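In: take this sequence and fold it.
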Amino acid sequence: MVKDALKEIGKRIKAAGLQKLRWYCQMCQKQCRDENGFKNHCSSESHIRQMKLFAEDGQKFVESYSELFEEGYLTTLKQRHGTARVKANTVYQEYISDRHHIHMNATKWLQLTNFVKHLGREGLCVVEDTPKGWYITYIDRDPAKAQAQAEKARNEANDLDASERWQLQMEKQLAYLREHIEIEEHHATELQRAEGDEPLTLSWKGSSAPKFTFDTEDFEEEGEEGDDQPAKKIKSERAMKVEEEQQQAQALAKPKTKINFLKMVESAKDTHRPSSSTSSAEPNAKKQKVEGQSAMDKIMAKHMQQKEARGRKDYWLHEGIVVKVLNKKVGDGKYYKQKAVVKEVVDRYLGVVKMIDIKGMIKVDQEDLETVIPQIGAKVLIVNGAYRGEVATLQSVNQDRFCADVLIAAGTKRGTLVQGLEYEDFSKLHVD
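Out: Modelled structure (predicted):
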């Protein structure tokens, strides 16, 4: 009794492990322990039925087993090694450790090398033939993960490009300010008091805050009663300061060329404008000009501001304009800095563009594109602002202010000159 139990346990242990491949029947999914058992299985009625089914359409069974083998092999590679570089034979040994796996002799691949080459041709893995054997690297093609990585890479590239453009623009503006705009620097001056002024009083809020009173006349008398040298020293220092202030006032009074810069520069200049007591007065002609504006001019200016606000959108793509690709990640860098024509606008923010210098048509977000400034005299399309959608002719370009002047060439506004139009608000119009 005990001997039979031990024999049964031994059989189960042997059956649990892997057996020889030549004694395994894939059609019946039965593993035989020896040659005699395999021979008896081949002559069994169930095996003969399965072989008749195989004889009807053998290629169908081979393709089915090949797909199952490929799926199981890639699942093992993905779950155990991820995207790490590993030997193909190592993954195969891990895969066949499951006794219910699909055997390779039932597939269309006779050797593991042929199967690895198949993975490389299909783009499922990166394969490498080395003196130590074949190495593979799994390519993760999960749509959600790929989309997240693409979004992250695009955001990083956009942030970098935007920061570079902003830094370049600020450097040019600062250089232009230093060269043309006079910025008033305020310096500390001595307190000047006239005769008969009341004494200075310093006080602190609070119940127990002390109060101190200083009289400048007493201070001068103490200087006169004592040694005369300190008083003379103070007077000489005051005289030197007065001379310095007079020199600074003369320097500030020199006329400088005034220009119309960006609104930000004008507001900054108005903030730092010197007061009437320390600098020359503004010309009266300018004040009279501002005060003399008619009511019609004010209404027209307000109307243009409202029109600009209505025409300003956060999307600017238009069909027929020429754009340039800015994102290095688009097409793996193949289309970087390349010009293209917008053929179609999808959902306002996406554009189907056709490359000009190289063959290709891609769908790209407007954040990965920028407008193209043509030569003077060429046709442009205003893509944003009050004159959005108008065809115009480029008249002049101001590289220091990053803007241009355009003349509307068609429509009801034909002949209107738009000055100070920023680079981002117009683009070259493609002409076939």
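
In: using CSV, write down the CA coordinates of stretch 394-413.
Out: Only the C-alpha atoms of stretch 394-413 are listed here, as CSV (Å, rounded to 0.1, in the frame of the first residue of the first chain):
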residue,chain,number,x,y,z
LEU,A,394,4.1,93.4,-47.2
GLN,A,395,5.4,97.0,-47.2
SER,A,396,8.2,97.1,-44.7
VAL,A,397,9.7,95.1,-41.8
ASN,A,398,11.0,96.5,-38.5
GLN,A,399,13.4,93.8,-37.1
ASP,A,400,14.0,95.7,-33.9
ARG,A,401,10.3,95.8,-32.9
PHE,A,402,9.4,92.4,-34.4
CYS,A,403,6.6,93.9,-36.5
ALA,A,404,5.9,95.0,-40.0
ASP,A,405,3.6,97.3,-42.1
VAL,A,406,1.2,95.8,-44.6
LEU,A,407,-1.2,97.2,-47.1
ILE,A,408,-4.5,95.4,-47.5
ALA,A,409,-4.8,94.4,-51.2
ALA,A,410,-8.4,93.1,-51.5
GLY,A,411,-11.9,93.4,-50.1
THR,A,412,-13.7,96.4,-48.7
LYS,A,413,-10.7,97.5,-46.7
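
In: pLDDT averaged over that stretch - what is it?
Out: In this model, stretch 394-413 carries a mean pLDDT of 90.

In: what residues of it count as buried?
Out: 394, 397, 401-406, 408-409 (16 or more other C-beta atoms under 10 Å). No exception for glycine: its C-beta is placed from N, CA and C like everyone else's.

In: what does stretch 96-112 give?
Out: Buried, per 16+ other C-beta under 10 Å, within stretch 96-112: 96, 101-102, 104, 106-107, 109, 112.

In: and stretch 329-343, by the same measure?
Out: 329-331, 335-336, 338-342.

In: could you do stretch 354-369 as well?
Out: 355, 362, 364, 366, 368-369.

In: could you report the neighbour count for Glu168?
Out: Just so we're on the same page, residue 168 is Leu rather than Glu. Using other C-beta atoms under 10 Å, the number of residues around Leu168 comes to 11.

In: same question for Gly389.
Out: 11.

In: that one contacts Ala410, correct?
Out: No - in this structure, Gly389 is not within contact of Ala410 by C-beta atoms under 8 Å, at 10.6 Å.

In: ranges for the helices of the chain?
Out: For the chain, the helices defined by DSSP state H cover 2-16, 35-42, 45-56, 58-81, 88-95, 112-121, 143-180, 216-225, 228-252, 263-271, 284-291, 295-311.

In: where does the chain have its least confident helix or strand?
Out: Least confident helix or strand, the chain: helix 216-225 with a mean of 43, by mean pLDDT, DSSP states H and E.

In: low-confidence bits of the stretch 51-200 of the chain, can you list those?
Out: 159-162, 181-187, 193, 195-198, 200 (pLDDT under 70).

In: any idea how far Glu422 is from Lys413?
Out: From Lys413 over to Glu422 the distance is 19 Å, taken as C-beta to C-beta, to the nearest Å.

In: likewise Ser43?
Out: From Ser43 over to Glu422 (counting by C-beta to C-beta), the distance is 88 Å.

In: and the two? Which one has more around it.
Out: Shown here are Ser43 and Glu422; by other C-beta under 10 Å, Glu422 has more neighbours (14 against 8).

In: would you quantify the distance from that one to Ile382?
Out: 11 Å.

In: can you check Leu421 too?
Out: Applying C-beta to C-beta to Leu421 and Ile382 gives a distance of 7 Å.

In: and for those two, which residues touch both?
Out: Val406 (C-beta atoms under 8 Å, 6 or more residues apart in numbering).
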